[in-house]
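> Just a sequence and a predicted model for now, questions to come.
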Amino acid sequence: MIQLTEQILQATTKGINQLYKLPLPASSLQINRTKPEFEGDYTVVLFSVIKPIGKSPEIIGKELGDFLLNEYKQLFSKYNLVKGFLNLTVCDHYWTTILNQYYEDPCFGKGAVKQEKIMIEYSSPNTNKPLHLGHLRNNFLGWSLSEIYKANGFPVVKSCIVNDRGIHICKSMIAWKRYANGKTPQSENKKGDHFVGDYYVLFNEAYKKETEELVAKGISNEEAEKEAPIMKETQQMLIDWEAGKPDVIALWKEMNSWVYEGFDITYKRIGSDFDKIYYESNTYLLGKKIVGEGLSKNVFVKKEDGSVWIDLTADGLDEKIVQRKDGTSVYITQDIGLAQLKAEEYGCKESIYVIGDEQNYHMKVLKLICQKLSLPAADGIHHLSYGMVELPTGKMKSREGTVVDADDLLNEMEEVAKKKTEELGKTADFTETELAQLYRTLSIGALKYYLLRVDPKKKMIFNPEESIDFHGHTGPFIQYTYARIRSILRKENINKNTDSFSSPLLKMEQILLLELEQYPTIVMQACKEHDPSHLANYLYRLAQTYNTFYAAHSVLKAESEEKKQLRLRICSFTSTIIASGMNILGIAVPERM
RNA sequence: GGUCCCGUAGCUCAGUUGGAUAGAGCAACAGCCUUCUAAGCUGUGGGUCACACGUUCGAAUCGUGUCGGGAUCACCA
């Protein structure tokens, strides 16, 4: 189907060209939604064509309006002109045609199937601590962007790079060796990721203490941080790990397995999943070969001490190291290797990285280096950069334990959902299973919506003192709208034979249809801009419009059978789109609540 | 210091490919359940769109500058 705004644009462009013999590019006309205080649905802004045509906006508006009414009888019923704004009213016939065609079609809004594969990398956790609120934003963004791409017809590969090696893991390992006395998540009855995370916090406490003791002995702070025994042990452990020392590897494997068990539970709960998981322990050496090739192509240069660099000053950036003087790889080396590996394995047209905005510079450098190396996937690298989630007191810090833990927050949200539901008392006949399911649906819905409705690139401040709302501009508001519609549709079946509607559409019916028709445009826009918040905000607008309609007009007790059938279809169409859109965001909708 | 991002109602946010009188939610206040689920609806109050200058018929939106907040510029990942 062709979007209405597109049709209007084509029609008006054709009108201008025919009336004034002007080969006007379509982009020179602007079509907007008509402001509610004026009559009409869509508005053509005429100011930009006054000059080339050389007539007043009043004359152009009248001539163009008459042309459109004559030539597009199926589309427009009337027009009015205010200053340079030509307000067009779309025929009822157009709306009812759309309605009849799509009112129960779950594919409405989905784009044609395409060939180009898209890879979306998200989540990418460290295995030394549990997931926190920031990870949730990442997961929700990544997962819903994948669904947005799928809705637009693209095959999507969801990937994840697990940072399972490095000094941070060794910190948890050393602390465990020192303080755990052989304790395990099983023995302590604790979720594995939290168990390991506790030792990461213990490490930092011990490290701080040892550093302070050295400083007290008169050693400089900088020196003390290097010389603290626990840090030296940790660094030695990293060397032993790289050397493959069996007991270190065994402990590393065991502690990682505890973390994975914990992650699995959380991922399942929030609905995150991946088609391909990369482990840094397998990929961290990958970039070195490419560095070697880059040296021979003179993309990189070797300095006297043996370290390898790339000079990006001509591109407005700095010099960047890609390999240490001892030959080991740095962070970006691994990313170059992984980019190459991804390209070889999947050959995706676009590769999107969902990573916090603190890595904007890193990602810019990565793309540039890949381009200079002429890696096949280089131009397709995109960074979906999102702002940090902060507390009123500032940044969250795992090592200081000042984080909003994902599991804690999910539990809390479920409690709130339970409390609110019980207060309202509408679920007396629900079974225990149904209740548990409902609390999950509502709590996850509230949380996901809360994080997804904001423009990704903006940082967010989360106040743990104020619980996430269930009223107003929230996930549960939209879920509630859906449940109310479903309640109506359970009471009355749609008569599929009644599909012509002779009485004119009421204002609210027509406004709702106007909103519904926009859904495919929004799904496309969210994809183009890598931004699920457009969809989240659209769904809210739609639910709000529906609720106004619902309060103004009865469906089941409509003025006539014809109206009832029309409104049942509108209800069905609305609920179909809400379910579809919410699913794209990763939010389920309940039949009752 | 260089680069990038942000600044809209008391708070959280839309609106940013330039269009008509800048919109929601929360909070406050006033109404609406013998009518399809009141997690809802209707209304009231609340604004120097950080500031200045410029481009334009028209600027929250574009440009330049200033102020404020943040990120980054590691042989950490």
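Good, I have the coordinates.
> C-alpha only now, for contacts and for neighbours.
Will do.
> So which bits of the stretch 201-350 of chain A are right by RNA strand B?
Selection of the stretch 201-350 of chain A residues close to RNA strand B by C-alpha under 7 Å from any atom of the strand yields A:305, A:307, A:316, A:318, A:320-321, A:323-326, A:329-331.
> One more pass at 6 Å, please.
Contact residues of the stretch 201-350 of chain A with respect to RNA strand B, defined by C-alpha under 6 Å from any atom of the strand, are listed as A:305, A:307, A:318, A:324-325, A:330-331.
> Mind checking which of these are in helices?
In this view, those that belong to helices under DSSP state H are residue A:331.
> could the residues of the stretch 201-350 of chain A next to RNA strand B be laid out in JSON lines, adding pLDDT and neighbour count?
Written out in JSON lines, the entries for those read as follows (pLDDT from 0 to 100; neighbours: other C-alpha atoms under 10 Å):
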{"residue": "A:305", "pLDDT": "89", "neighbour count": "9"}
{"residue": "A:307", "pLDDT": "91", "neighbour count": "16"}
{"residue": "A:318", "pLDDT": "86", "neighbour count": "12"}
{"residue": "A:324", "pLDDT": "88", "neighbour count": "14"}
{"residue": "A:325", "pLDDT": "87", "neighbour count": "15"}
{"residue": "A:330", "pLDDT": "87", "neighbour count": "16"}
{"residue": "A:331", "pLDDT": "87", "neighbour count": "13"}
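> check which helix or strand covers residue A:95.
If you go by DSSP states H and E, residue A:95 is part of helix A:92-102.
> avg pLDDT for that helix?
When the per-residue pLDDT values of helix A:92-102 are averaged, the result is 95.
> cool, and stretch A:186-206?
Per-region confidence: stretch A:186-206 scores 95 on mean pLDDT.
> Next, the buried residues of that stretch.
Buried residues in stretch A:186-206, defined by neighbour count with 16 or more other C-alpha atoms under 10 Å: A:191-204, A:206.
> returning to what we had before: could you dump the helix holding residue A:95 to PDB, C-alpha only?
Output in PDB follows, covering the C-alpha atoms of helix A:92-102 (Å, rounded to 0.1, in the frame of the first residue of the first chain):
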ATOM      1  CA  ASP A  92     -14.600   8.900   4.200                       C
ATOM      2  CA  HIS A  93     -14.400   6.400   1.400                       C
ATOM      3  CA  TYR A  94     -10.600   6.300   1.700                       C
ATOM      4  CA  TRP A  95     -10.700   5.600   5.400                       C
ATOM      5  CA  THR A  96     -13.300   2.900   5.300                       C
ATOM      6  CA  THR A  97     -11.400   1.200   2.400                       C
ATOM      7  CA  ILE A  98      -8.200   1.100   4.500                       C
ATOM      8  CA  LEU A  99     -10.300  -0.100   7.500                       C
ATOM      9  CA  ASN A 100     -12.000  -2.900   5.600                       C
ATOM     10  CA  GLN A 101      -8.700  -4.100   4.200                       C
ATOM     11  CA  TYR A 102      -6.500  -4.200   7.300                       C
END
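> C-terminal to that helix, what's the next element?
strand A:118-121.
> does the residue nearest the centre of chain A count as helix, strand or coil?
Closest to where the C-alpha atoms of chain A average out (C-alpha atoms, centre = their mean) is residue A:141, at 2.3 Å. Three-state assignment for residue A:141 (DSSP: H, G, I helix; E, B strand; the rest coil): helix.
> That one: what's it in contact with?
Each residue near residue A:141 by C-alpha atoms under 8 Å, 6 or more residues apart in numbering is listed here: A:354, A:452, A:456, A:532.
> Which of the residues you listed fall in helices?
Among the contacts of residue A:141, the members falling in helices are residue A:452 (criterion: DSSP H).
> May I ask which of the contacts of residue A:141 has the most neighbours?
residue A:532 (29 neighbours; other C-alpha atoms under 10 Å).
> Secondary structure element holding the residue lying closest to that one once chain neighbours are set aside?
Of all residues not flanking residue A:532 in the chain, residue A:526 sits nearest, at 5.5 Å (C-alpha to C-alpha, 6 or more residues apart in numbering). Using DSSP H and E, residue A:526 sits in helix A:519-528.
> Which positions in that helix come out as buried?
A:519-527.
> okay if I get these as CSV plus distance to residue A:578?
Putting the buried residues of helix A:519-528 into CSV (distance: C-alpha to C-alpha, whole Å) gives the following:
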residue, distance to residue A:578
A:519, 10
A:520, 12
A:521, 15
A:522, 13
A:523, 12
A:524, 16
A:525, 17
A:526, 16
A:527, 18
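> Please tabulate those residues in JSON lines and include pLDDT and distance to RNA strand B as additional columns.
Conversion of those to JSON lines gives the following (pLDDT from 0 to 100; distance: C-alpha to the nearest atom of the strand, whole Å):
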{"residue": "A:519", "pLDDT": "97", "distance to RNA strand B": "15"}
{"residue": "A:520", "pLDDT": "97", "distance to RNA strand B": "14"}
{"residue": "A:521", "pLDDT": "95", "distance to RNA strand B": "10"}
{"residue": "A:522", "pLDDT": "96", "distance to RNA strand B": "11"}
{"residue": "A:523", "pLDDT": "97", "distance to RNA strand B": "13"}
{"residue": "A:524", "pLDDT": "96", "distance to RNA strand B": "12"}
{"residue": "A:525", "pLDDT": "95", "distance to RNA strand B": "9"}
{"residue": "A:526", "pLDDT": "96", "distance to RNA strand B": "10"}
{"residue": "A:527", "pLDDT": "96", "distance to RNA strand B": "13"}
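> of all the buried residues of stretch A:186-206, which comes closest to residue A:30?
The shortest approach to residue A:30 among the buried residues of stretch A:186-206 belongs to residue A:193, at 53.6 Å (C-alpha to C-alpha).
> and the stretch 351-500 of chain A, which residues reach RNA strand B?
So far as C-alpha under 6 Å from any atom of the strand goes, the stretch 351-500 of chain A lies against RNA strand B at A:357-359, A:361, A:417, A:420-421, A:424, A:454-455, A:457-458, A:460-461, A:470-473, A:476-477, A:480, A:483-484, A:487-488.
> Equivalent analysis for the stretch 51-200 of chain A, please.
For the stretch 51-200 of chain A, the residues in contact with RNA strand B under the definition C-alpha under 6 Å from any atom of the strand are A:82, A:85, A:87, A:163, A:166.
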